[in-house]
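Asker: Provide a 3D model corresponding to the input given below.
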Amino acid sequence: MEMAMEKQRIVILGGGFGGVYTASELMRRINRISKHEADIEVVLVSEENYITFQPLLPEVVSGAVEQLHVISPIRRIAPGVVLYVRHIEKIDVENKTIQLAPGRVPRTETLKYDHLVIALGNTLAHGMVPGLYEHAIPFKYLGDALRLRNHVVQMLEEASVCHDPEERQRLLTFTVAGGGFSGVECIAEMEDFLRKAVRAFPNISETDLRLILVQSADRILPEMKENLANYADKLLRKRGIQIVLDHRLHEVSADRAIVMNKANKELEVIGSRTVVATVPTEPHGVIQNTPLKCEKGRIVVSDELESPSHPGVWSLGDCAAVPSGEGYTSPPTAQYAVRQATICAENILATIRNQPRRHFKFAGLGKLASLGGRRAIAEVFGFTFSGFFAWIMWRVIYVEKMPGLDRKVRVFIDWMKDIFLPRDITQLNVYDEQQVRREHLAAGQTLFHQGDFGDRLYFVVDGEVEVEVDGKVVATTGKGDVIGEMALLAHKGRSATVRAVKPTDLVSLSSDAFDQIIKYVPGAADAMNKIHQERIEKVHADQAANGAATE
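Answerer: Here you go, the predicted structure:
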């Protein structure tokens with residue numbers, strides 16, 4: 001008589017290629033086999049209920065592909081999986097539990113597991129570059145592509161009515177940090193879109209546009225063969241894109257990107273209202289807080305994809321250091337993640353059944369990069385291609401790899417429409433202005449000018465600013481101080497110019513939120529009026545002291 005097995009729970013973390021395809025493969029095998037696997041539950045935790053086909057994100061920015069056509073519902077790719085659309089708070093590998101953030105109901109949830117698959121990818125390392133979080137636009141998810149597209153259109157609209165030449169140039173300067181696949185494809189599609197979009201703006205010409213690609217290495221696309229990278233470099237430069245090599249992003253603020261020359265450490269200021277960051281990256285925060293052994297930030301696993309130190313913990317994709325079987329660590333690309341997912345699913349089931357496990361071995365099929373303007377480069381099975389033929393190859397290969405037949409058809413139709421119809425330049429204001437947000441000022445940067453409209457209240461988190469009235473510095477202020485309350489309380493223009501003395505971090509509050517606090521929080525109005533009065537008295541006292549000193 002066969003004994004009933006205790007139900008096994010496999011929890012997968014991450015809604016990218018690695019996580020979703022592991023879930024899909026597990027469900028396919030469980031549904032295909034019998035009652036033995038009826039006692040296995042597959043749980044997937046993802047922050048979204050869809051998977052993003054990242055190779056097509058640049059075409060969302062340019063409008064060549066509709067935004068919803070580059071995502072596919074997880075429930076259709078992995079039918080039967082238990083899906084939690086939640087943020088992950090904590091991984092406890094010792095007690096085999098996962099703590100999830102609350103959903104609509106404000107309480108946390110803890111998942112127990114028998115097998116854990118970590119496929120969380122990587123994130124932008126905001127802490128490595130001052131101002132990156134506050135002012136740069138990341139480029140990894142669908143929301144990033146939508147935000148960038150709307151921002152680019154907004155810059156064109158603002159520039160079309162701007163009469164300040166310096167500010168107009170900042171509005172029309174678009175900077176991308178990172179010369180790998182994401183950065184190159186992003187700036188190539190942006191250039192293609194902008195060149196066509198400015199035809200609808202009579203007072204903006206193609207020559208007014210300035211696109212800059214910043215790369216820390218000595219060439220772009222270091223993942224590709226040198227001849228293909230050189231082709232891409234030459235093509236982008238021919239289109240007017242400025243490529244800055246051997247420089248890295250040093251600091252970002254609202255109207256500039258500061259880059260550092262790696263050789264002599266000199267800083268260069270690029271006036272730009274648009275900074276897109278594809279680098280630097282780091283592992284997901286919850287991974288860093290586990291005892292799992294990591295190599296350059298990636299979880300160390302065997303060629304069976306299991307952690308040597310923690311049996312039952314598996315990892316794959318961008319966040320894992322997976323031996324390729326060819327003498328090197330697998331690169332963080334989708335083609336490796338999808339194949340790792342198959343081996344991971346097989347080995348988890350083999351472990352449950354006490355059967356032999358497989359070793360991962362994959363040498364890669366090739367690499368492709370779109371360069372916009374119906375040009376691309378490709379390296380497939382050792383052969384290299386460039387130009388229009390490579391672009392056709394790029395489209396054929398990627399439409400075939402799109403998950404779901406309906407998405408393949410929709411993307412193909414989008415591409416056909418793009419041949420005959422102009423790109424859409426509509427700006428969708430789908431993002432509400434943040435009521436509270438972090439901001440960063442570079443040394444010497446002006447926060448606001450005397451006479452400007454007062455739209456936000458500022459709290460100095462770190463750094464120092466000077467207050468200037470009628471061209472004369474009347475005060476300096478720093479950590480813990482409040483700036484800008486006078487204009488909001490009096491509903492008038494700014495009474496002073498405020499400028500950063502050194503790099504300064506702030507938290508700002510919108511005027512609407514400020515008004516709500518003043519109106520509804522008891523004592524808030526009195527407290528702000530007191531600060532306001534003390535500020536006036538201090539300015540008068542400083543002015544009197546300065547006058548006495550000069551007599």
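
Asker: just checking, residue 98 touches residue 90?
Answerer: Yes: the criterion here is C-beta atoms under 8 Å, and residue 98 meets it with residue 90 at 7.3 Å. In short, each C-beta sits where N, CA and C put it, glycine included.

Asker: out of these two, which sits in the more crowded spot?
Answerer: Legend: neighbour count by other C-beta atoms under 10 Å for residue 98 and residue 90, higher for residue 98 (24 against 14).

Asker: Just give me the residue right at the centre of this protein.
Answerer: Closest to where the C-alpha atoms of the chain average out (C-alpha atoms, centre = their mean) is residue 138, at 2.8 Å.

Asker: Next up, the contacts around residue 482.
Answerer: Counting by C-beta atoms under 8 Å, 6 or more residues apart in numbering, residue 482 makes contact with 457, 458, 459, 460, 531.

Asker: okay, it: pLDDT?
Answerer: With respect to pLDDT, residue 482 scores 91.

Asker: Please name the strands paired to the helix or strand containing residue 45 in the sheet, noting orientation.
Answerer: Per DSSP states H and E: residue 45 is located in strand 40-46. Sheet pairing of strand 40-46 (DSSP bridges) gives strand 8-13 (parallel), strand 82-85 (parallel).

Asker: Need the winner for burial among those.
Answerer: Comparing these by mean neighbour count (mean count of other C-beta atoms under 10 Å), strand 8-13 ranks first with a mean of 24.

Asker: From the chain's centre, how far out is the next helix or strand after that strand? Work that out for me.
Answerer: Once strand 8-13 ends, the next helix or strand along the chain (criterion: DSSP H and E) is helix 17-32. Distance of helix 17-32 from the chain centroid (C-alpha atoms, centre = their mean, to the nearest Å) equals 27 Å.

Asker: for residue 8, what are its contacts?
Answerer: Applying C-beta under 8 Å, 6+ apart to residue 8 gives the contacts 39, 40, 41, 114, 115, 352.

Asker: how much space between it and residue 295?
Answerer: 29 Å (C-beta to C-beta, to the nearest Å).

Asker: elements contacting the helix or strand hosting residue 340?
Answerer: Per DSSP H and E, residue 340 falls inside helix 334-353. For helix 334-353, the packing partners by 3 or more C-beta pairs under 8 Å, 6 or more residues apart in numbering; DSSP states H and E come out as helix 17-32, strand 115-118, strand 313-315.

Asker: Just after the shortest one, pick out the following helix or strand.
Answerer: Of the helices and strands lying after strand 313-315 in sequence (DSSP H and E), the nearest is strand 320-321.

Asker: Residues contacting the strand holding residue 45, please?
Answerer: Contacts of strand 40-46 (C-beta under 8 Å, 6+ apart): 7-15, 19-20, 23, 26-27, 30, 74, 78, 80-86, 88, 98, 100, 111, 113, 349, 352.

Asker: Recalculate using a threshold of 6 Å.
Answerer: 8-13, 15, 23, 26-27, 30, 81-84, 86 (C-beta atoms under 6 Å, 6 or more residues apart in numbering).

Asker: same thing with stretch 398-405?
Answerer: 53, 55, 72, 77, 408, 411, 412.

Asker: what distance separates the start and the end of that stretch?
Answerer: End-to-end distance of stretch 398-405: 13 Å, with C-alpha to C-alpha, to the nearest Å as the criterion.

Asker: Please tell me how far it is from the chain's geometric centre.
Answerer: Taking mean C-alpha positions (C-alpha atoms, centre = their mean), stretch 398-405 and its chain are 23 Å apart.

Asker: So which bits of it are buried?
Answerer: For stretch 398-405, burial by neighbour count (16 or more other C-beta atoms under 10 Å) applies to 398, 399, 402, 403.

Asker: Same question for stretch 227-238.
Answerer: For stretch 227-238, by 16+ other C-beta under 10 Å, it's 228, 229, 230, 231, 232, 233, 235, 236.

Asker: And the pLDDT for the fifth one?
Answerer: Think residue 232. 98.

Asker: Which helix or strand lies directly C-terminal to the helix or strand hosting it?
Answerer: Assigned by DSSP H and E, residue 232 belongs to helix 226-238. Following helix 226-238 in sequence order, the next helix or strand is strand 241-244 (DSSP H and E).

Asker: Mind listing the strands the very next helix or strand once past that next one pairs with, and their directions?
Answerer: Counting by DSSP H and E, the element after strand 241-244 in chain order, helix or strand, is strand 247-253. Note on strand 247-253: by DSSP bridges, its sheet partners are strand 256-261 (antiparallel).

Asker: What pairs with the following helix or strand past the strand it pairs with, parallel or antiparallel?
Answerer: Downstream of strand 256-261, the first helix or strand assigned by DSSP H and E is strand 267-271. Taking DSSP bridges as the criterion, strand 267-271 pairs within the sheet with strand 256-261 (antiparallel).

Asker: Contacts made by stretch 420-437 with the rest, please.
Answerer: For stretch 420-437, contacts defined as C-beta under 6 Å, 6+ apart pick out 63, 150, 153, 154, 196, 197, 200, 508, 509, 510, 513.

Asker: List buried members of these by neighbour count.
Answerer: In those, the ones that pass as buried (16+ other C-beta under 10 Å) are 63, 150, 153, 197, 508, 509, 510, 513.

Asker: And the residues you listed, which is closest to residue 106?
Answerer: Proximity of the buried ones among the contacts of stretch 420-437 to residue 106 was ranked by C-beta to C-beta; the top entry is residue 513 with 21.7 Å.

Asker: Checking that closest one next. Helix, strand or coil?
Answerer: Under DSSP: H, G, I helix; E, B strand; the rest coil, the three-state class of residue 513 is helix.

Asker: Name the nearest residue to it, ignoring sequence neighbours.
Answerer: In this structure, residue 513 finds its nearest non-sequential neighbour in residue 435, 4.2 Å apart by C-beta to C-beta, 6 or more residues apart in numbering.

Asker: cool, residue 254 as well?
Answerer: The nearest residue in space to residue 254 (C-beta to C-beta, 6+ apart) is residue 135, at 5.5 Å.

Asker: ok, back up a step: need the next SSE after the helix holding residue 340, C-terminal direction.
Answerer: In N-to-C order, the element after helix 334-353 by DSSP H and E is strand 366-370.

Asker: quick one, phi psi at residue 409?
Answerer: Note on residue 409: backbone dihedrals following degrees, to the nearest 10 are phi -70, psi -40.

Asker: Tally up the residues packed near it, please.
Answerer: Burial of residue 409 is recorded as 13 neighbouring residues (other C-beta under 10 Å).
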